[in-house]
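[1] need a structure here:
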Amino acid sequence: MPEKLKDILFPKEKVELFGRVLKEEYPPFDSENFVASVCDKNWPARELKEKMRHTTLCLHKYLPDDFSEAVKTLQNIVPKVTGFEAIVLPDYIEVYGIDYPEISVPALGVLTTCGSSEFGIRPFLNKDLISTMKYMLVWADNEDFKVRRFASEGCRPRLPWASGVPALKKDPSLILPILEKLKDDPEEFVRKSVANNLNDISKDHPELVLDICERWQGNSKNTDWIIKHACRTLLKQGNNRAMLLFGFANPEQMQIKELQFSSLSPAIGDEISFSFNLNLKTKKKQKVRLEYIVHFVKKTGKTSPKVFQMKEVLLAPGIHPIQKKHSFANMSTRKHFSGEHKFQLVVNGEVKAEQIVQLAD
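    Sure thing, here's the model as predicted:
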């Protein structure tokens, strides 16, 4: 059986190294008891985030009682901490620093260079949005690309696995100056965060994001990549304005004919294929985006749709045969359940055909 991520990224050896680094910086640090308290009898069973928080709580017992002194110790070890254990540093600020924002928020900008502070900043955004976003705006000009990326990633309205910031979901206006600064950043790592931030915003404010994308389009290769990635949810939703922005033609003259499935009653774990003819009844070449939607049966018996992209291609008028495979194998991110699964074929945002597949145990 392959090793689990929690064991690969945070083994006991890393905790021991972490303890030695801390003791070198802060001699009173009791590294032996620190390691013993972290790697207790429950350590192997803890999941990754549980290990992080448990380490943070144990760390607090052995650092200086004065918060500012504890933070100085953590900042001073930044150059020596490069592994996954580095995420403990901003987590410490998140847990113990909420009442000391004048110390904590600047420290998160330092600690993000070794372990991203994107989760740690969220409570401070909720406590004092205006003041914290001023720091984020300054960080967008930082010479370190990790700090610049943090400026965007930390204020994403829908940052996965992070606590929410309702004020930014409701009104993302404070985010926009940061994204403007970073839209042509030389680092792809930063630009991807900009795109993801815009994609988050698009789920609540689609017209605002489309206004931005229309303004950025054609500015550079970097901005063109950002806006395409930023509009991925809008494109999956078949948003007409997004479709037109990227040159996808009106699907009115596009048809799907002769849809066939290799099996309409597969079992969980099977792979099936489907094929169809795409008929373009147009007078000239058209840019086509092909997708299919599977309405997966959930454990409750209800269904949930997921969009799968097939291809984006420039096609001449006429008939074009298309074939695709789909697997019903269980994965870590998706568990299958028996029942009726509806497949829908989508051309440039419009459903053109559908078929029910009965999935068996």
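
[2] Can you report how many residues lie near Pro157?
    Neighbours of Pro157 under the rule other Cβ atoms under 10 Å: 22. In this view, the C-beta of every residue, glycine as well, is placed from N, C-alpha and C.

[3] Do you have the strands of the protein handy? List them.
    With DSSP state E applied, the chain shows strands at 254-261, 271-280, 286-297, 303-315, 318-327, 339-347, 350-359, listed in chain order.

[4] In a markdown table, list these along with mean neighbour count and mean pLDDT.
    Listed next are these as a markdown table, based on neighbours: other Cβ atoms under 10 Å; pLDDT from 0 to 100:
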| stretch | mean neighbour count | mean pLDDT |
| --- | --- | --- |
| strand 254-261 | 15 | 96 |
| strand 271-280 | 17 | 97 |
| strand 286-297 | 19 | 97 |
| strand 303-315 | 13 | 96 |
| strand 318-327 | 13 | 97 |
| strand 339-347 | 18 | 97 |
| strand 350-359 | 16 | 97 |
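
[5] Now render these as a markdown table, adding distance to Ala36.
    Formatted as a markdown table, the strands of the chain follow (distance: least, Cβ to Cβ, whole Å):
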| stretch | distance to Ala36 |
| --- | --- |
| strand 254-261 | 59 |
| strand 271-280 | 50 |
| strand 286-297 | 46 |
| strand 303-315 | 45 |
| strand 318-327 | 46 |
| strand 339-347 | 50 |
| strand 350-359 | 50 |
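
[6] Would you tell me which of those gets closest to Asn33?
    With Cβ to Cβ as the criterion, Asn33 lies closest to strand 303-315 of these, at 47.9 Å.

[7] neighbouring strands for the closest one, and are they parallel or not?
    Sheet pairing of strand 303-315 (DSSP bridges) gives strand 286-297 (antiparallel).

[8] Poorly predicted segments of the stretch 1-150 of the chain, please.
    For the stretch 1-150 of the chain, residues meeting the criterion pLDDT under 70 lie at 1-8.

[9] what about the helices in it?
    Using DSSP state H, counting those that start in this stretch, the helices of the stretch 1-150 of the chain run over 5-9, 12-25, 31-38, 48-62, 67-76, 88-96, 101-111, 122-127, 129-139, 145-153.

[10] which residues are contacting the last one?
    For helix 145-153, the external contacting residues (Cβ atoms under 8 Å, 6 or more residues apart in numbering) are 108-109, 112-113, 116-118, 121, 136-137, 139-142, 159, 178-179, 181-182, 185-187, 189-190, 193-194, 196-197.

[11] Narrow those residues to just the buried residues.
    Using 16 or more other Cβ atoms under 10 Å as the burial test, the contacts of helix 145-153 include 108-109, 112-113, 116-118, 121, 136, 139-140, 142, 159, 178-179, 181-182, 185, 190, 193-194, 196-197 as buried.

[12] burial of Asn76, as a residue count?
    Neighbours of Asn76 using other Cβ under 10 Å come to 15.

[13] again but with Val15, I slipped
    Counted with other Cβ under 10 Å, residues neighbouring Val15 total 23.

[14] Would you mind measuring from it to Gln323?
    According to Cβ to Cβ, to the nearest Å, Val15 stands 51 Å off from Gln323.

[15] next one: Tyr26
    According to Cβ to Cβ, Tyr26 and Gln323 sit 63 Å apart.

[16] My guess is Arg53 contacts Glu94. True?
    No - the pair Arg53 / Glu94 is not scored as a contact, 9.5 Å apart, by Cβ atoms under 8 Å.

[17] what about the two, which has more around it?
    The neighbour comparison of Arg53 against Glu94 (other Cβ under 10 Å) goes to Glu94, with 20 against 14.

[18] which residues touch the more buried one?
    By Cβ under 8 Å, 6+ apart, the contact set of Glu94 is 119-120, 122-123.

[19] same check, this time on Phe296
    If you count contacts by Cβ under 8 Å, 6+ apart, Phe296 has them with 303-306, 334, 336-337, 341.

[20] Kindly report the same for Glu207.
    Residues in contact with Glu207, defined by Cβ under 8 Å, 6+ apart, are Arg241.
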